[in-house]
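Asker: I need the structure of the sequence given here:
(chains A and B)
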There are 2 protein chains.
Amino acid sequence: MPQRQDPTPPADKAEIAAAQGFIDLKHGALSYIAADGLPGISRIAIGRDERGVPLTLISSLAPHWAGLQAHPDCALMLGEPGPKGDPLTHPRLMLRARAQFVGAAERPALRDLWLATHPKTKLYIDFADFGFVRLIPVSGLLNAGFGKARRIAAQDLLHSQ
Amino acid sequence: MPQRQDPTPPADKAEIAAAQGFIDLKHGALSYIAADGLPGISRIAIGRDERGVPLTLISSLAPHWAGLQAHPDCALMLGEPGPKGDPLTHPRLMLRARAQFVGAAERPALRDLWLATHPKTKLYIDFADFGFVRLIPVSGLLNAGFGKARRIAAQDLLHSQ
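Answerer: Have a look, this model is predicted:
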């Protein structure tokens, strides 16, 4: 079957800035494949590593920990509608991503970065069951309502060098 | 490997009422498997059919239409954090569900039900590419923060008879 061309135009500078702003919202919805092979969804906290890659902190007791271990491909939605108007016309960012679990060597540096943006996490960040997971962007889609979608390249979601 | 017992207690009456209230929020995040087999996520409008089953209205041009056609198992999250406090402590409802596409015979009745709760949809509800999809609950989880999860049985998410 021939591939259809993607009809979605790429984001311009202002739209890329808007997408970056969504990642800084600090929480989002994670779509993942659970350990049983069926789709799951969870609210997760979002931070960023030193390059701007989205980062989350998860308990190994949470079902999305086991899910991401078994199936690293996942998707993320950031940006919530306000109380007024049609929620489907409020802008949001959707990312397709791959989860990469962070090892012990990197943990202290990421812990400091995380606490700088998520100070309340101090209550549980050092619990033995919590670990960092990078959600490495594969592609992004900014959607501001019907017919207002823009493609965002993965590298445009990182901090500019 | 022996199955662990589910340590999550069942919801009481007040928690079931809270879960019902989340379905009435009229929008949520849908976790689905896209046509390419990878997880996707979309914001969707939520209504309810005559029995209270969550219902959505999707364009067949949307990627989640093709995804749900290929893989009916999906998950839904409803309930958004306010602007204050730790977003992970704000309550939300997560459903595991199966998508069931609605045929032409049922469409007029569901159209009337939908417009009663979603009057702004009048602008596009009759477009040829839009169709209703039931998201039949399989199980529910109400989460009001760390250690505050409750199981909700699928039948408790319908209208009481």
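Asker: In chain A, where's the longest strand?
Answerer: Using DSSP state E, we find that the single longest strand of chain A is strand A:130-143.
Asker: for residue A:19, what are its contacts?
Answerer: A:11, A:93, A:140, A:142, A:152, A:156, A:157 (C-beta atoms under 8 Å, 6 or more residues apart in numbering or on different chains). Backbone N, C-alpha and C define where each C-beta goes, glycine included.
Asker: I'd guess it is in a strand, am I close?
Answerer: No. Remark: residue A:19 does not belong to a strand; assigned using DSSP: H, G, I helix; E, B strand; the rest coil, it is helix.
Asker: which one of the contacts of residue A:19 sits closest to residue A:100?
Answerer: Proximity of the contacts of residue A:19 to residue A:100 (C-beta to C-beta) peaks at residue A:157, which lies at 15.1 Å.
Asker: C-terminal to the longest strand of chain A, what's the next element?
Answerer: Counting by DSSP states H and E, the element after strand A:130-143 in chain order, helix or strand, is strand A:149-153.
Asker: Now that following strand: buried residues?
Answerer: A:149, A:150, A:152 (16 or more other C-beta atoms under 10 Å in any protein chain shown).
Asker: got it, and stretch A:7-17?
Answerer: Using 16+ other C-beta under 10 Å as the test for burial, stretch A:7-17 gives A:11, A:15, A:16.
Asker: can you check stretch A:24-44 too?
Answerer: By 16+ other C-beta under 10 Å, the buried positions in stretch A:24-44 come out as A:27-35, A:38-44.
Asker: In strands only, show me those.
Answerer: A:27-33, A:39-44.
Asker: Adding pLDDT as columns, could you present those in CSV?
Answerer: Output for these, formatted as CSV (pLDDT from 0 to 100):
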residue, pLDDT
A:27, 93
A:28, 95
A:29, 97
A:30, 98
A:31, 98
A:32, 98
A:33, 98
A:39, 98
A:40, 98
A:41, 98
A:42, 96
A:43, 95
A:44, 96
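Asker: From those, list the ones also adjacent to chain B.
Answerer: Among those, the ones lying near chain B by C-beta under 8 Å from any C-beta of the partner chain are A:27, A:29, A:30, A:31, A:32, A:33, A:39, A:40, A:41, A:42, A:43, A:44.
Asker: Going by distance to residue B:134, which of those wins?
Answerer: The closest of these, once distances to residue B:134 are taken by C-beta to C-beta, is residue A:39, at 16.3 Å.
Asker: In this model residue B:73 seems to touch the closest one, though I could be wrong.
Answerer: Yes. Judged on C-beta atoms under 8 Å, residue A:39 makes contact with residue B:73 at a distance of 6.0 Å.
Asker: Mutual contacts of these two, please.
Answerer: Counting by C-beta under 8 Å, 6+ apart, the residues touching both residue A:39 and residue B:73 are B:33, B:96.
Asker: Specify the beta-bridge partners of the residue positioned nearest the centre of chain A.
Answerer: Nearest to the geometric centre of chain A sits residue A:76, at 4.5 Å (C-alpha atoms, centre = their mean). Residue A:76 has these beta-bridge partners by DSSP bridges: residue A:30, residue A:95.
Asker: That one and residue A:97 touch, don't they?
Answerer: Yes. With contacts counted by C-beta under 8 Å, residue A:76 reaches residue A:97, the gap being 5.8 Å.
Asker: tell me, what's touching these two both at once?
Answerer: Joint contacts of residue A:76 and residue A:97 (C-beta under 8 Å, 6+ apart) are A:54, A:135.
Asker: Of the ones next to chain B among the ones in strands among the buried residues of stretch A:24-44, which pair is most distant in space?
Answerer: It's A:27 and A:33 that sit farthest apart of those, by C-beta to C-beta, at 20.9 Å.
Asker: how about the residues of chain A near chain B?
Answerer: So chain A meets chain B at A:26-27, A:29-33, A:38-45, A:59, A:71, A:73-77, A:80-81, A:86-88, A:90, A:92, A:94, A:96, A:120, A:124, A:143, A:146 (C-beta under 8 Å from any C-beta).
Asker: which residues are contacting stretch A:85-93?
Answerer: A:18-19, A:22-23, A:77-82, A:140-146, A:152, B:26-27, B:43-45, B:120.
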